[in-house]
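1. need a 3D model of the following:
(2 chains)
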Amino acid sequence: MKQLLVFIRKEFYHVFRDPRTLLIMFGLPVVQIILFGFALTSEVKNADILILDHSNDVQTIQITSKIKASSYFIVHGEAKDNPAIENYFKRGTVKCVLVFPPHFSSDLFHNGSARIQIIADGSDPNTAKTIINYLTAIISDYQRENFPSATLPYQITTEPRMLYNEDDNGSLNYIPGVMALILMLVCTALTSVSIVKEKELGTMEVLLVSPFKPVMVLIAKAVPYFLLSMVNFTLILLLSDFLLHIEIRGNLLLLFSESALFILTCLSFGLLISNTTNAQQTALLISMMGMMLPTIIFTGFLFPLENMPRIFQVIANIVPSKWYFIIVKAVMLKGLGFRYVWKETLVLIGMTGLLLAIALKNFKIRLQ
Amino acid sequence: MEDKVIVCKDLTKKFGDFYAVNKISFDVFKGEIFGFLGANGAGKTTAMRILCGLSFPSSGEAAVAGFNVYKQQESIKKNIGYMSQKFSLYENLTIVENIEFFGGVYGVSRKEIRERSDKLVEQLGLQQEAKKLVGALPLGWKQKLAFSVAIFHRPKIVFLDEPTGGVDPVTRRQFWDMIYDASASGITIFVTTHYMDEAEYCNRVSMMVDGKIEALDTPGNLKKQFSAETMDEVFYQLSRRAVRKDD
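-> Residues are numbered from 1 along each chain as shown, chains lettered A, B, ... in the order given. I've put the predicted structure just below:
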């Protein structure tokens, strides 16, 4: 036990004296949180649009000013004719053009229907769809205000409500994902590199010749990184609370325990990687690059898993961060208790056990 | 010569059909400086790993410090020290922290570590550098320090695997002075080297060729036996018989 403490103290010396480790450990989370929280947003704000008004009557001017008043759009003057529109799109200066045909008012009042054309830049389909939705909403709003149910005796109005996210905070979904991503990358990479480093430098040999048990080497390596990862996790929580204003609804103890479990999963992964390679570079490459893509794609925080082909959905099941993501979303954002996430927890426990067993077995085999 | 600290009888290590170590038998006595020589790939490292308790032999018997290499690896490890050709201290720890770490791993008490490490730092004349990171020391100093750390817990035997690789002649000489001191204090030295002048410093030398020990005697007797002027020549004559190539 005393030997273990001596070893753990040594590991802490290593961490705190290596600027690169510190940077990965504490710099990466801050950068990622800021990047994902602020830069990666699917909302559309201040979209540049143009209006081509062939009618210029009361109704079109009213609609135009209503659009101008919304914070979603910046209306850049008015185009003169149809060919000019295409030029704007080619230059990429506007995202959308709204075209009022001639005789808009008279069509509306005499024929009972008028048309507005919305042309959006389809090369960016997500933004285009969002803009079209916003514009359509503004126009139907106008219609409701000015011609209240005159023609429709029965009207169905939808009243949407964003449960768990009433303020429509766009970074809400990313944060649990980013948490999974950071823990996965940092824990796995640092653990595997720290073990492989000892092999590369030749100190592992000396440790193996010493009476210190090989399994204890693994434990001594895992403990400091486990503690540091918990600190790291706290840092991420604080950042998302104070910087991104994300309310943590669930039980903090549950959230920390689940995260501790996930950190263990990642550490086991790191130990496994360290067994398969003898070079720090390789270990770093496998754990950083090899883990990054599957984690980003299969966790489900950027791309909804439900929309993927069946085969990918199956693959996603073996990615630990997918389960952790579900747990964090449920606990942190929805404030649910353990009975809603016990299945996912069980999956993570199973994965950790399996990874750890393989890692330990490999470690022993290598010693023979 | 009285106490045998290493006893080897028909020690064999097979990897598949390949005999890395083929029925070697020898004894090493207490306080002796035993040179374990051989070309690369002759099986030195494999034999040494068995004696250090890192791997099991395929057949044959061996005991180190009185402990069986099959059953008592843990006891063996407590009684030996080890230093490899690769520098084996932590570069981003200070001298004292390194000593504290390795002393701690071998279960030396904290009080004893403090007393002995003060003395050691003084002996090595490193008082000025004691708080500096080991990475900042010149290679010669590092190797001397590594040796001191390897015998810090007062082992019965210390295994040195090409300890002086890449070290300048003056430092090598100083290094061997330290080996003599350790040997005089009763620690058995088991050393591999490729420097034949160092072989001359050993009490007895064994020569390994293709997994077998082809010669074992004092450097003087070996030279007589092979009617050679230097150990260099003895080594050359023996190694030429090797069928196996460097691995």
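
2. how about A:Met184, what does it touch?
-> Contact criterion Cβ atoms under 8 Å, 6 or more residues apart in numbering or on different chains gives A:266, A:269, A:291, A:295, A:320-321 as the residues in contact with A:Met184. For glycine as for every other residue, the C-beta is placed from the backbone atoms N, C-alpha and C.

3. near chain B too, which of these?
-> With Cβ under 8 Å from any Cβ of the partner chain as the criterion, the subset of those in contact with chain B is empty.

4. quick one, what contacts the closest residue to chain B within the stretch 201-350 of chain A?
-> The shortest separation between the stretch 201-350 of chain A and chain B is 3.0 Å, found at A:Gly202 (distances taken as Cβ to the nearest Cβ). Listed by Cβ under 8 Å, 6+ apart, the contact partners of A:Gly202 are B:84-88.

5. which one (most neighbours) among those residues?
-> B:Ser88 (25 neighbours; other Cβ atoms under 10 Å in any protein chain shown).

6. any idea how far the residue of chain A positioned farthest from its centre lies from A:Ile63?
-> Ranking residues of chain A by C-alpha distance from their mean position (Cα atoms, centre = their mean) puts A:His110 at the top, at 51.0 Å. Applying Cβ to Cβ, to the nearest Å, the value for A:His110 to A:Ile63 is 18 Å.

7. hey, which helix is longest across chain B?
-> Longest helix of chain B, by residue count under DSSP state H: helix B:169-184.

8. ok, then the element right after it?
-> Sequence-wise, the next helix or strand downstream of helix B:169-184 (DSSP states H and E) is strand B:188-192.

9. list the neighbouring strands of that next one plus their orientation.
-> Sheet pairing here is set by DSSP bridges, and for strand B:188-192 it gives strand B:33-38 (parallel), strand B:157-161 (parallel).

10. now the first one against helix B:169-184, angle please.
-> Per axes from the mean of the first three to the mean of the last three Cα atoms, to 10 degrees, the angle that strand B:33-38 makes with helix B:169-184 is 120 degrees.

11. hmm, back to that, distance to A:Thr282 and mean neighbour count added to the strands paired with strand B:188-192, as JSON lines?
-> What follows is the strands paired with strand B:188-192, written out as JSON lines (distance: least, Cβ to Cβ, whole Å; neighbours: other Cβ atoms under 10 Å in any protein chain shown):
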{"stretch": "strand B:33-38", "distance to A:Thr282": "32", "mean neighbour count": "25"}
{"stretch": "strand B:157-161", "distance to A:Thr282": "25", "mean neighbour count": "24"}
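
12. closest one to A:Thr188 among the ones you listed?
-> Nearest to A:Thr188 among those is strand B:157-161 (32.7 Å), distances taken as Cβ to Cβ.

13. who's in contact with the residue most central in space within chain B?
-> For chain B, the residue sitting closest to the mean C-alpha position, by Cα atoms, centre = their mean, is B:Leu160 at 2.1 Å. B:Leu160 sits next to B:83, B:147, B:150, B:179, B:189-192 when contact means Cβ under 8 Å, 6+ apart.

14. which residue is the nearest non-sequential neighbour of B:Ser206?
-> Spatial nearest neighbour of B:Ser206, excluding adjacent residues (Cβ to Cβ, 6 or more residues apart in numbering or on different chains): B:Leu216 at 4.3 Å.

15. in what helix or strand does that neighbour lie?
-> B:Leu216 is part of strand B:212-217 when elements are defined by DSSP H and E.

16. what does B:Lys23 give?
-> Secondary-structure assignment from DSSP H and E places B:Lys23 in strand B:18-29.

17. same check on A:Val75?
-> Using DSSP H and E, A:Val75 maps to strand A:73-78.
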